[in-house]
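J.: Below are the sequence and a predicted model; questions follow.
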Amino acid sequence: MTPRHHVGIIRFPGTNCDLDTWEAISLVPGLDPVWVSHKEKDAGDLAAIILPGGFSYGDYFRTGAIAARSPVMDLVGDFAQKGHPVLGICNGFQILAEAGILPGTLLPNSERTFLCQEESLVIENCRTPFTALFNPGTPLTLPIAHQEGRFFIDPDRLQEIEKKGQVLLRYLKNPNGSLREIAGLTNVTGNVVGLMPHPERRASSLFGRPDGLLFFQSLALYLERQSLRTLSEAH
Amino acid sequence: MTADTVSRFKIPAHEMERIRSLLGRDPNLTEEAVFSALWSEHCSYKSSRIHLSKFSSKGPRVLKGPGENAGVVRVTSRTGIAFKMESHNHPSYIEPFQGAATGVGGILRDIFAMGARPVALTNSLVFGSLRQPRQMTLFRRVVAGIAAYGNSIGVPTMGGEVWFDERYAKNILVNAFALGLVAEDGIMSAVPPPKPLLAVYLGNKTGRDGVSGAAMASRSFSDGDTDLRPQVQVADPFVGKKVMEATLTIIREGLAGAIQDMGAAGLTSSSVEMASKAGLGIEIDVARVPLRDFSMEPWEILLSESQERMLLLVEEARVDRILDIARESQVSAAVVGRIISDPVFRVRKAETVFAEVPVPYLTDEAPLYDRPARARIHSPSPSPHHFPSEAGRHSIVELFHRLLDHPNGGSAEWISRQFDFEVGTRTLLSPGHDVAVVDLREEEHAVAISMAGFSHPLTRDPGRGAMLLVAKCVTDLAAVGAWPVGLTDCLNFGNPERPETMSDFVLAVSGIADATKRLGIPVVSGNVSFYNETDGISIPPTPILATCGLLSDRRRLVPGKTFRAGLSLALAGPSHDLSLGGSYLDWILDEPEPDPVPQVDWETLARLQPFMSILLAGRTLCASRAIGRGGLLRSLLQIVSGGTTLGVALSLPRLDNPLQTFFSEAPGRILLAFEPEHARFIEQSAREFGIPLRTIGITVPHLWNIRYQDREGRSKELSDSPEQLKRRYSASLTGQMEELP
């Protein structure tokens, strides 16, 4: 029997893609979703953490500003520091950026309106736990749904993240004014990933391609390999 | 009029007299405030109630009908859909962002008050012409307001309608529809059980916002109304979400006896209406109401329309658990009163009584008007063989371009992309379709929602126009294989004190009632918005309908567009009355002698859905779409909109009236796209079901070519570039909105 890996889904007040993320994780053999409260301080046996989309604390203030300072974020910081997989989707990405766990920031869209539409994307970095099953250059289609998704960073650090291959995903046609069409990003060590598009919304699909499922299947594969490695090291 | 007959709350003098004779004394300030709210048109339906009784809410699937926060209809063996539509026209004109956002918040509260989890929102929006900067601002801000609420609370806004028409410039319409899912054994009610119950307040604290909003929405606007902003409420979707989750938890744990949202006339209407339904009284202590502003007078607390608030009637033993849930959810809650056996509405502030009025005086004894109606003089109905707009006078290609270039005929993508239409991942058909389809995730069923609120047919003929709206909904639903299970409406009209408006209203209500009875569709909830009038000019009669249909197998659903070339195109449905009266073309041309509004072939219409179900079950279709706004040509453009270069090649027989063929919006017709190998099965099914069917052409890349013969037998050809047509279609609204800063 395959061991089940617990994937923690953090619920902040105002998170609203929590159930969709739960459903997507449930579709992947080997992964077991569990809820994590915004007050949680103990990672327990979590193998990975996901910060889903939504409007944490209403996002009346700068997006993610309040959530990034809630108790659970100490846990997320430690967890990421130890090299465990962390994924922030949409508001989750905004929170990770606000908390300084991912570089840069996400500003209001250049058109200043909310944008909900499908985007053609190209994946560039396939060395993270969430992208292992992709090939670099693979085109994919995922929906975006955000008002504040314009990636911004100072020129020096932009050069740095480009040089280190931290750009994970780029829009084919820039919808929101993001620098260098950046739609997704990873940290230097490659274990933390932020995505503005919503992979959980394309985990299954009646008409289109379920491009989003691969992100979660990648995670399952990564965790599987990790546990095999741990096992063999133990022997 | 003497000074003492003038009401501080603008209650008409004759109603003040009635209040005095009922009470046998003068009402005090607080009591007068209570009467002003509950006797307002908005709360009492005093001008419409007599006529609304024509609607039938009966049906084997109906679990809850009118009188509740929302109607509920069974859709699977254990689940019902709760749905309702409401207007927020007046507030949205004054403060478009907050007005629209609170409209969404209010309709969502109606849904979760029933114990249903909201899973879909739609809307119908009507504005004046976008050539006016003021309309541009109203439009932009209304869309942003709807987006702000729906996106944040996490309920997808799946679709809707928009219409720009100068006659609405001073009275825009913002109607919001919501649908939720509820287990049949978990349905909540606004009718309390006959037990001693306490009144528990749950949600946002009360402030001065929206005081007397219901009364404001029951009056016409005039130039003197320079600042009505204190009567507009402020939305807080974040608190709304917390209140929603807390309410659903309370209902799931079986803690509440009855729930009503504090909508129009806030605490007053929710408490009085629930007590009235039980035939009991209620006592409220305003000193215990959670306040944002402690200087508020009792009457202000009673009439405040602060948002995100619910009123629960609960047994005393359950109160502690409810207060715990509220604390966990970080929302305010307090016991503010109790049900009393004496049927009076008593308002106290600690020990001082501020109002004491028998409940029946506020509800059953509220005025009921059978207002005089006088039909408008319509231009004499021309004979059906009179063709006012011959093809000779208008080039069909040019007309088609005009229809597409107007924002009314273009793509509404500029609107829908601002709405999160996918959160919850139940969205099976996204915006850009005529219906929104919601996955029920149970027994493979899905629910389709069709909105119809095009007023032009009603301007031409209110009765027949209203029937046409019902028929349009049923056609839209049939196109995806769904059969109608329930309807809700929002009846937007002008000043009911004008006999012409009243006549329009009566005719429209009769038309909807007649059509829904013919088709066996229960009208389970609804809302009336009168006084859409400014400086004596009323809006055209605008009932907006939302019809819910059930799809038995979501896996058989096909979209309303395709990207594939080489598919056959066929038109299913009757074509004997293709009159142009009331159509979009009729609106654009505005001929002095219009065609009559087409009559509906009810029998064929009723057979459309089973016919479509057979085609879908046999997996014979690639795309299907009802012939809608703009007629056949626009629907053709939409069905090939899956790809940027896909067009059509059509070969049509001799046409007596090409304008009707290309632009009629007569209901009951569906455009089908399918692999040629399925043609025989489709034709055979059409014969079996008695549905007229004509194969008209194929889908082809890079070509838009339509050949036909005119009445004289001359060969005609319409040629265009599909790429250019699609550019026109997508640019007419979006281009206009993006050009400005």
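T.: Thanks, I have it.

J.: Run through the residues of chain A sitting next to chain B.
T.: Taking Cβ under 8 Å from any Cβ of the partner chain as the test, the list of chain A residues beside chain B reads A:13-14, A:16-17, A:19-20, A:23, A:53-55, A:57-60, A:111, A:113-117, A:143, A:145, A:147, A:198, A:200-201, A:203, A:206-207. (C-beta placed from N, C-alpha, C; glycine too.)

J.: buried residues in the worst-scoring helix or strand of chain A on mean pLDDT?
T.: Considering only helices and strands, the least confidently modelled element of chain A by mean pLDDT, DSSP states H and E is helix A:213-234, at a mean of 89. When neighbours are counted by 16 or more other Cβ atoms under 10 Å in any protein chain shown, the buried residues of helix A:213-234 are found to be A:213-224, A:226.

J.: low-scoring pLDDT stretches of chain A, where are they?
T.: Low-confidence regions of chain A, defined here as pLDDT under 70, cover residues A:1-3, A:234-235.

J.: With only the CA atoms kept, save stretch B:143-161 in PDB.
T.: Taking Å, rounded to 0.1, in the frame of the first residue of the first chain, the C-alpha atoms of stretch B:143-161 are listed here in PDB:
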ATOM      1  CA  VAL B 143     -19.800  45.800 -11.900                       C
ATOM      2  CA  ALA B 144     -16.900  46.400  -9.500                       C
ATOM      3  CA  GLY B 145     -19.400  46.300  -6.600                       C
ATOM      4  CA  ILE B 146     -20.800  43.000  -7.600                       C
ATOM      5  CA  ALA B 147     -17.300  41.600  -8.200                       C
ATOM      6  CA  ALA B 148     -16.100  42.900  -4.800                       C
ATOM      7  CA  TYR B 149     -18.800  41.100  -2.900                       C
ATOM      8  CA  GLY B 150     -19.100  37.800  -4.800                       C
ATOM      9  CA  ASN B 151     -15.400  37.300  -5.400                       C
ATOM     10  CA  SER B 152     -14.600  37.900  -1.800                       C
ATOM     11  CA  ILE B 153     -17.200  35.800  -0.200                       C
ATOM     12  CA  GLY B 154     -16.300  33.000  -2.600                       C
ATOM     13  CA  VAL B 155     -19.600  32.500  -4.400                       C
ATOM     14  CA  PRO B 156     -19.100  32.400  -8.200                       C
ATOM     15  CA  THR B 157     -20.900  35.000 -10.300                       C
ATOM     16  CA  MET B 158     -21.600  32.700 -13.300                       C
ATOM     17  CA  GLY B 159     -23.500  34.800 -15.700                       C
ATOM     18  CA  GLY B 160     -26.100  37.400 -16.400                       C
ATOM     19  CA  GLU B 161     -27.400  39.900 -18.800                       C
END
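
J.: now that stretch, how far from the chain's geometric center?
T.: Relative to the mean C-alpha coordinate of its chain, stretch B:143-161 is positioned 14 Å out (Cα atoms, centre = their mean, to the nearest Å).

J.: now the helices: where do they sit in chain A?
T.: Taking DSSP state H as the criterion, chain A contains helices spanning A:18-26, A:72-81, A:91-98, A:155-163, A:213-234.

J.: Hey, what's the angle from the third one to helix A:18-26? Just curious.
T.: To tie it back to what came earlier, the one meant is helix A:91-98. Here helix A:91-98 runs at an angle of 100 degrees relative to helix A:18-26 (axes from the mean of the first three to the mean of the last three Cα atoms, to 10 degrees).

J.: If any of the residues of chain A next to chain B are buried, give me the ChimeraX selection for them.
T.: One line in ChimeraX is enough to select the buried ones among the residues of chain A next to chain B; burial here means 16+ other Cβ under 10 Å:
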select /A:13,14,16,17,19,20,23,53,54,55,57,58,59,111,113,114,115,116,117,143,145,147,198,200,201,203,206
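
J.: Out of the residues of chain A next to chain B, which sit inside strands?
T.: Assigned to strands by DSSP state E, the following of the residues of chain A next to chain B qualify: A:115-117, A:143, A:145.

J.: Can you tell me how far the closest residue to residue B:495 other than its chain neighbours is from residue B:598?
T.: In this structure, residue B:495 finds its nearest non-sequential neighbour in residue B:533, 4.4 Å apart by Cβ to Cβ, 6 or more residues apart in numbering or on different chains. Look at residue B:533 and residue B:598: by Cβ to Cβ, to the nearest Å, they are 29 Å apart.

J.: Looking at these two, which one has more neighbours?
T.: When residue B:533 and residue B:598 are compared for neighbours, residue B:598 comes out ahead with 27 against 22, by other Cβ atoms under 10 Å in any protein chain shown.

J.: just checking, that one touches residue B:668?
T.: No. Taking contact to mean Cβ atoms under 8 Å, the distance of 9.4 Å between residue B:598 and residue B:668 leaves them out of contact.

J.: what does chain B have sitting close to chain A?
T.: For chain B, the residues in contact with chain A (Cβ under 8 Å from any Cβ) are B:144, B:147, B:151-154, B:236-239, B:241-242, B:330, B:416-425, B:428, B:554-555, B:557, B:559, B:738.

J.: Give me the buried entries from the residues you listed.
T.: Buried by 16+ other Cβ under 10 Å: B:144, B:147, B:151-154, B:236-239, B:241-242, B:416-425, B:428, B:554, B:557, B:559, out of the residues of chain B next to chain A.

J.: list the contacts for residue B:513?
T.: If a contact means Cβ atoms under 8 Å, 6 or more residues apart in numbering or on different chains, then residue B:513 has B:54-56, B:523 as its contacts.

J.: Export those residues to JSON lines and append columns for pLDDT, secondary structure and neighbour count.
T.: Listed next are the contacts of residue B:513 as JSON lines, based on pLDDT from 0 to 100; DSSP: H, G, I helix; E, B strand; the rest coil; neighbours: other Cβ atoms under 10 Å in any protein chain shown:
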{"residue": "B:54", "pLDDT": "95", "secondary structure": "coil", "neighbour count": "16"}
{"residue": "B:55", "pLDDT": "95", "secondary structure": "coil", "neighbour count": "20"}
{"residue": "B:56", "pLDDT": "94", "secondary structure": "coil", "neighbour count": "16"}
{"residue": "B:523", "pLDDT": "97", "secondary structure": "strand", "neighbour count": "28"}
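
J.: of those residues, closest to chain A?
T.: Nearest to chain A, judged by Cβ to the nearest Cβ, of these is residue B:523 at 31.0 Å.

J.: what sits against that closest one?
T.: With contact set as Cβ under 8 Å, 6+ apart, residue B:523 has these partners: B:55-57, B:66, B:486-489, B:512-513, B:516.

J.: which one of those residues is nearest residue B:300?
T.: Proximity of the contacts of residue B:523 to residue B:300 (Cβ to Cβ) peaks at residue B:66, which lies at 30.4 Å.

J.: element containing residue B:438, please.
T.: strand B:435-439 (DSSP states H and E).

J.: same deal with residue B:255?
T.: Taking DSSP H and E as the criterion, residue B:255 maps to no regular element, lying outside all helices and strands.

J.: Just give me the neighbour total for the closest residue to it other than its chain neighbours.
T.: Residue nearest to residue B:255 in three dimensions, not counting chain neighbours: residue B:318, with 4.4 Å by Cβ to Cβ, 6+ apart. Other residues near residue B:318 number 19, with proximity taken as other Cβ under 10 Å.

J.: So residue B:318 sits against residue B:251, correct?
T.: No. Using Cβ under 8 Å, residue B:318 is not in contact with residue B:251, being 11.6 Å away.

J.: elements contacting whatever helix or strand residue B:201 lives in?
T.: Here residue B:201, judged by DSSP H and E, is contained in strand B:198-203. For strand B:198-203, the helices and strands in contact under the criterion 3 or more Cβ pairs under 8 Å, 6 or more residues apart in numbering or on different chains; DSSP states H and E are helix B:237-252, strand B:309-314, helix B:319-328, strand B:332-340.
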